[in-house]
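Student: what follows is a predicted structure for the sequence shown.
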Amino acid sequence: PLDQNVQLWTPKFALEYKPADNQLYYVSATRGFKSGGWNARGTVPEALLPFGPEIVWSYELGYKSDWLDGRLRANVTAFYTDVADFQIPSAFVQPSGALTFITQNFADLEVYGLEAEVAYAPTDSLTVFANVGLADAEYENLSQEVLDDQAECRASLDDNPPGEPISGRCGAGIVTLTGEIADPTRVPDYTLNLGATYTIRLGGYEVVPSGYVYSVGDHVVGTSALPNAVVDGYSEINAGVTFQPAGGPWFVTAECKNCTDRARVVSNLPPFAYLDDPRQWGIRAGYRFGQR
C-alpha cells in the first residue's frame, strides 16, 4: 500500500475530588495513538513493509497534597498503560534466508507502576526533594512471527552442542540468545531523584547551590537483550550554583552534568553499544525581561 488512513477517537475521561483546599484525588482514562508508517531500513523490496498504528489506553489514579502551610508537598500516582499493536523491531526473513530488522506490530505491551514525589522546605532558604518511580512492563499477545522466531531459536539450542553456531533467530527481534522473550526496553524497575537547593543571601544578591542524585535500576536498551544491551543499575550526580540579584532580572549559573563521569549505555545496535554524554561543564546566563 502507498497510503495509510487511520481515524481514531482519542477521548480523555477524568474525575477530580477535592475534600480540602490542600488535597486532591483524581482518576483518568486517556486514549492515544502513534501513527503507522513504512520501514526505511529494508534492503530488499520485500522488507519495505508498512506497519500500523499503535493504540494506547492509559489509566491513572492519584493524590496531590500540600501540608505545613505549603512547606511540604506530597503527590503519588498509580498508572497502567495498555498498548495494542506495539511498534517494535524484529527479524524479517528475506527470500535469501538473511534477516532484516524492521518495525512491525509484533506484540501488545502492558506497563504498570507507581510514582511518588515529596518536596519539603523546612526554611525559606532550603528545599529538599525526592522523586521515586516503580515500573514493570511485559509483552502480551505475541504475533506468530515472534512465536516462530522463538521456536526456531529453542530448537537450535536443543539440537546444537554448546559452542556450536545457533540459529540467527536467537538474539534477534525480541527473542534473547537463550530463546526467551526479552524485557521491553528502557523500563527500569525503579528510578530515584534525590536532591536539594539552598539560597544564600549576600546583601542584595543570592547564591543558590543545588544538586541531585539520579539512580536507576537494571534495564535493557536493546530489543533482544544482548549482553552489551543489559544495563546494570547506576547512579549519577548533577550539580550547579546560581548567582543573581535578589528578585532581580538576570542570573548566571555554573553547572556540571554526570559530575562523576560515569559511562552509561543508552542504546544498542548489534554489535555496538552506544554511550551517553560524559561529564559536562557549562555556564548559562539569562535575563528575565519585564522583571525589576
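Tutor: Good, I have the coordinates. Please read these numbers as outputs of a predicted model, since none were measured by experiment.

Student: the helices in the stretch 51-200 of the chain, which residues?
Tutor: 144-159 (DSSP state H, counting those that start in this stretch).

Student: those strands in it, which residues are they?
Tutor: In the stretch 51-200 of the chain, the strands defined using DSSP state E, counting those that start in this stretch lie at 54-67, 72-93, 99-120, 126-140, 190-198, 200-202.

Student: the first one - contacts with which helices or strands?
Tutor: Based on contacts counted as 3 or more C-beta pairs under 8 Å, 6 or more residues apart in numbering; DSSP states H and E, the elements that strand 54-67 packs against are strand 23-34, strand 72-93. Every C-beta, even on glycine, is put in place using the N, C-alpha and C of the backbone.

Student: turn the strands of the stretch 51-200 of the chain into TSV, columns for mean pLDDT, mean neighbour count and distance to residue 182.
Tutor: Output for the strands of the stretch 51-200 of the chain, formatted as TSV (pLDDT from 0 to 100; neighbours: other C-beta atoms under 10 Å; distance: least, C-beta to C-beta, whole Å):
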stretch	mean pLDDT	mean neighbour count	distance to residue 182
strand 54-67	97	16	18
strand 72-93	90	19	10
strand 99-120	92	18	11
strand 126-140	97	16	8
strand 190-198	98	16	19
strand 200-202	94	11	49
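
Student: kindly reformat those as a markdown table containing distance to residue 167.
Tutor: Listed next are the strands of the stretch 51-200 of the chain as a markdown table, based on distance: least, C-beta to C-beta, whole Å:
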| stretch | distance to residue 167 |
| --- | --- |
| strand 54-67 | 28 |
| strand 72-93 | 10 |
| strand 99-120 | 10 |
| strand 126-140 | 20 |
| strand 190-198 | 35 |
| strand 200-202 | 63 |
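
Student: ok, which of these comes nearest residue 169?
Tutor: Nearest to residue 169 among those is strand 72-93 (6.5 Å), distances taken as C-beta to C-beta.

Student: partners of the closest one, with directions?
Tutor: strand 54-67 (antiparallel), strand 99-120 (antiparallel) (DSSP bridges).

Student: can you redo these as CSV with distance to residue 284?
Tutor: As requested, these are exported to CSV (distance: least, C-beta to C-beta, whole Å):
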stretch, distance to residue 284
strand 54-67, 30
strand 99-120, 23
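
Student: for those strands, which one sits closest to residue 33?
Tutor: Here strand 54-67 is closest among those (C-beta to C-beta), at 4.9 Å.

Student: CA atoms of that closest one as PDB?
Tutor: Extracted in PDB, the C-alpha atoms of strand 54-67 (Å, rounded to 0.1, in the frame of the first residue of the first chain):
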ATOM      1  CA  GLU A  54      -0.200   1.500  18.000                       C
ATOM      2  CA  ILE A  55      -3.200   2.400  20.100                       C
ATOM      3  CA  VAL A  56      -2.900   3.200  23.800                       C
ATOM      4  CA  TRP A  57      -5.300   3.300  26.800                       C
ATOM      5  CA  SER A  58      -3.600   5.000  29.800                       C
ATOM      6  CA  TYR A  59      -5.200   5.000  33.300                       C
ATOM      7  CA  GLU A  60      -4.100   7.000  36.300                       C
ATOM      8  CA  LEU A  61      -5.200   7.200  39.900                       C
ATOM      9  CA  GLY A  62      -3.500   9.900  42.000                       C
ATOM     10  CA  TYR A  63      -3.400  12.000  45.100                       C
ATOM     11  CA  LYS A  64      -1.900  15.500  45.400                       C
ATOM     12  CA  SER A  65      -1.500  17.400  48.700                       C
ATOM     13  CA  ASP A  66       0.200  20.300  50.400                       C
ATOM     14  CA  TRP A  67       0.900  20.400  54.200                       C
END
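
Student: taking strand 23-34 as reference, get the angle to it.
Tutor: Counting by axes from the mean of the first three to the mean of the last three C-alpha atoms, to 10 degrees, strand 54-67 lies at 160 degrees to strand 23-34.

Student: what's strand 54-67 in contact with?
Tutor: Strand 54-67 has contacts (C-beta atoms under 8 Å, 6 or more residues apart in numbering) with 8, 22-34, 72-87, 105.

Student: and the helix or strand of the chain with the lowest mean pLDDT, which strands flank it?
Tutor: Between all helices and strands in the chain, the lowest mean by mean pLDDT, DSSP states H and E belongs to strand 265-269, at a mean of 87. Looking at strand 265-269 with DSSP bridges, its partner strands are strand 272-275 (antiparallel).
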